[in-house]
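A.B. asks: Got a predicted structure plus its sequence, pasted below:
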Amino acid sequence: MNWAVLWVAPVAYLVGSFPTAYVVARQRTGVDIRTVGSGNVGGSNMRALQGTWATVFVGVIDIFKGLLPVWLTVRLGLGAHAMYVAAVAVVVGHDWSVWLGLQGGRGGASSLGTLLVLYPYGFLWIVGFLTIGKITQTVAILHLCGAAALPLVAWLLGQSGGLLATLIVLALLMVVKRLEANQCFRVPADREGGAPHGLHVGTTKKVYLNRLFLDRDYREISNS
């Protein structure tokens, strides 16, 4: 057994737990980002508060956050198992941050950061899907499709079983976190126009389908 994983996992989790979007939103606007837009504590939801610059800034920090623990396992020569554990743990930390009462983001940017070390071709694969999604205004669904297809692509290209298992777990974490959302936070509907501004809008089936494919509880707002 590689005993390094016993300390790699908690360290990577704590690194991933740093809630970049929450901190930036609080410092810049005084608003809890979990109560606006999709409720996601990530770069994609920063647009609702601060625009594109904030999305890019938070996204870059979260990519680096995902990259750092995985890169350190390689730098320290801890072996492949420690690298895979670090990748999963840092994304789990981002998704269920200890500093936010186990609330968090979707792990998209953090997962991209892990791929820069784990599987650079996988990083380019996901970025390609995100780019097409941005052009076609279908970022959320294409991100999901890219993440779901990546393990198959890696298998076809003869990658190791450990990497395949890690890619599958990262894709499953995205699905679980999208379906779960940050459910303890609710934002009331607009009383004047009746338009939904928060979470949990519509029937349960529609809400979960929208969460999975649109990364939101309702269809009216663009996922770009």
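C.D. replies: Okay, I see it. Numbering: from 1, shown residues only.
A.B. asks: From here on, just use CA atoms for contacts and neighbour counts.
C.D. replies: Noted.
A.B. asks: ok, residue 105 to residue 78 distance?
C.D. replies: Per CA to CA, to the nearest Å, residue 105 is found 28 Å from residue 78.
A.B. asks: Looking at the two, which has the bigger crowd around it?
C.D. replies: residue 105 (32 against 16; other CA atoms under 10 Å).
A.B. asks: That one touches residue 44, doesn't it?
C.D. replies: No: using CA atoms under 8 Å, residue 105 makes no contact with residue 44, being 9.3 Å away.
A.B. asks: Now do the closest residue to residue 64 other than its chain neighbours against residue 143, distance only.
C.D. replies: Leaving out its chain neighbours, the residue that sits closest to residue 64 by CA to CA, 6 or more residues apart in numbering is residue 113, at 5.8 Å. The gap separating residue 113 from residue 143 is 15 Å, by CA to CA.
A.B. asks: More neighbours: which of the two?
C.D. replies: Using other CA under 10 Å as the criterion, residue 113 and residue 143 rank with residue 113 on top: 29 against 23.
A.B. asks: Count the neighbours of residue 80 for me.
C.D. replies: For residue 80, using other CA under 10 Å, the count is 16.
A.B. asks: Which strands or helices does the top helix by length along the chain pack on?
C.D. replies: Identified as the longest helix of the chain according to DSSP state H is helix 52-75. For helix 52-75, the packing partners by 3 or more CA pairs under 8 Å, 6 or more residues apart in numbering; DSSP states H and E come out as helix 5-17, helix 20-29, helix 43-50, helix 80-95, helix 108-118.
A.B. asks: which residues of this structure score low on pLDDT?
C.D. replies: Confidence mapping of the chain against pLDDT under 70 gives the ranges 1-2, 48, 182-203, 217-224.
A.B. asks: If you count neighbours, what's buried in stretch 112-122?
C.D. replies: For stretch 112-122, the neighbour count (16 or more other CA atoms under 10 Å) marks 112, 113, 114, 115, 116, 117, 118, 119, 122 as buried.
A.B. asks: Contacts made by that stretch with the rest, please.
C.D. replies: The contact list for stretch 112-122 (CA atoms under 8 Å, 6 or more residues apart in numbering) reads 62-68, 70-71, 83-84, 87, 123, 126, 150, 154, 163.
A.B. asks: Residue 81 touches residue 4, doesn't it?
C.D. replies: No: in this structure, residue 81 is not within contact of residue 4 by CA under 8 Å, at 9.0 Å.
A.B. asks: Look at the two and report which has more neighbours.
C.D. replies: Taking neighbours as other CA under 10 Å, residue 81 and residue 4 compare with residue 81 leading, 18 against 15.
A.B. asks: any idea how far the more buried one is from residue 204?
C.D. replies: Counting by CA to CA - residue 81 and residue 204 are separated by 39 Å.
A.B. asks: Repeat that for residue 23.
C.D. replies: Relative to residue 204, and taking CA to CA, residue 23 is found at 31 Å.
A.B. asks: same thing with residue 79?
C.D. replies: To residue 204, residue 79 is 44 Å away according to CA to CA.
A.B. asks: Compare neighbour counts for these two and give me the winner.
C.D. replies: Between residue 79 and residue 204, residue 79 has the larger neighbour count (other CA under 10 Å), namely 14 against 11.
A.B. asks: What residues does residue 103 make contact with?
C.D. replies: By CA under 8 Å, 6+ apart, the neighbours of residue 103 are 41, 95, 96, 97, 182.
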